[in-house]
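Student: starting from these lines, generate the structure:
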Amino acid sequence: MIAHGTMLVRKRGSIRIAIITVAFFTCLTTVTARTAASKSIVAEKSATAPMIKSDPKWLEICSQLAPATSVLCSLAPLPTILEASRTKTVGSLPLLPYSSMAANGLIWALYGWLTDSAPVKYANIMGALLGTYYFREFKKYSPVGSSNLPGTINQHMIIVTWIIFVNAFILTNFAKVKAAQIVGKEGVLMYIILFASPLVAVKDVIAKKSAASIPLPFTIASILNCSLWSLVGIFSMRDFYIYFPSMMGLICALAQLILKGIYPGGGTVETAVVQEMSKMQL
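Tutor: Got it, this is the predicted structure:
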């Protein structure tokens, strides 16, 4: 009976998330229809505008590689989740990396849509979908009543739900340009909050004189990802909301790489996952 009740609660939670997600994308479709007419006007203006000098070849390559490295970083937790599915337990792993990946992906995919940036949009749609999948699988095997994720599963669901509702409100109540500015600030704020995680990790590494908890492959991938988005954001997109958080992530990843060199040590999959989302990718 207890197991049946637990499964029922989890199914209801999944249904609520599905309904909220459908409602969000319904709002997105409505806004798309509302702005369709304005796009034709923009297209006409673009046709009469002077030719803009194209990016140099190296910058075009960076623009193509940046979304691919974002997807690569989003795939980093997959082995951990598959192992949890195999063993039917998440052990002492935190939920925060996966709920934050889903929320972060949603925010930046929306920003990409609002700014007509296909690389930002599609890379983060993948991040949002993978984060949702990781969240769902984690929820299956997390002990009922766990409160060290940090917080509880229900609290994570409530926060993600509020993020969806807030962004739906922004979409339906502000012009596209203004909405992009608000969502961009929201994305930067998300980065600043999540950077508290690596700061704690750095303190722990120095105290223990061991960098075993820092996953080297993911750290290198994050350096590459943040470097590419910083270059693209500064020289191609010229977008503060893209290059500023990317540069913050790059500094954080470089600091962890330096610590890995000073205090070498091999980390396991379980300890590595704590750091997976410390350098949030665009």
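
Student: now stretch 109-127: buried residues?
Tutor: Going by neighbour count (16 or more other CB atoms under 10 Å), the buried part of stretch 109-127 is 109-115, 117, 119-127. The C-beta positions use only the backbone N, C-alpha and C, and glycine is treated the same way.

Student: among these, which are in helices?
Tutor: Filtering the buried residues of stretch 109-127 for membership in helices, criterion DSSP state H, returns 109-114, 119-127.

Student: so of these, which two are at opposite extremes in space?
Tutor: Among those, the pair separated by the greatest distance (CB to CB) is Leu114 and Met126, at 18.0 Å.

Student: ok, Ile223 - contacts?
Tutor: Shown in contact with Ile223 (CB atoms under 8 Å, 6 or more residues apart in numbering): Leu250, Ala253, Leu254, Leu257.

Student: now the last one: closest residue in space that isn't a chain neighbour?
Tutor: Nearest residue to Leu257, sequence neighbours excluded (CB to CB, 6 or more residues apart in numbering): Thr219, at 5.4 Å.

Student: secondary structure element for that neighbour?
Tutor: In this assignment (DSSP states H and E), Thr219 forms part of helix 216-231.

Student: C-terminal to that helix, what's the next element?
Tutor: With elements assigned by DSSP H and E, the helix or strand that comes after helix 216-231 is helix 240-262.

Student: helices or strands up against that following helix?
Tutor: In terms of contact count using 3 or more CB pairs under 8 Å, 6 or more residues apart in numbering; DSSP states H and E, helix 240-262 is assigned the packing partners helix 176-194, helix 196-208, helix 216-231.

Student: and Phe174, what pLDDT?
Tutor: Note on Phe174: pLDDT of 96.

Student: would you agree Tyr191 is in contact with Ile251?
Tutor: No. Look at Tyr191 against Ile251 with CB atoms under 8 Å: they stay out of range, at 11.7 Å.

Student: between these two, tell me which one has more neighbours.
Tutor: Between Tyr191 and Ile251, counted using other CB atoms under 10 Å, the more crowded position is Tyr191 (21 against 14).

Student: mind checking how far Ile223 is from Lys203?
Tutor: 21 Å (CB to CB, to the nearest Å).

Student: could I get the helices and strands packed on helix 240-262 as JSON lines with distance to Asp55?
Tutor: As requested, these are arranged in JSON lines below (distance: least, CB to CB, whole Å):
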{"stretch": "helix 176-194", "distance to Asp55": "21"}
{"stretch": "helix 196-208", "distance to Asp55": "31"}
{"stretch": "helix 216-231", "distance to Asp55": "10"}
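
Student: of the ones you listed, which stretch is the most buried?
Tutor: Neighbour counts (mean count of other CB atoms under 10 Å) averaged over each of the helices and strands packed on helix 240-262 peak at helix 216-231, with a mean of 22.

Student: lowest average confidence across the helices and strands packed on helix 240-262, which one?
Tutor: For these, the bottom mean pLDDT is recorded on helix 196-208, which sits at a mean of 70.
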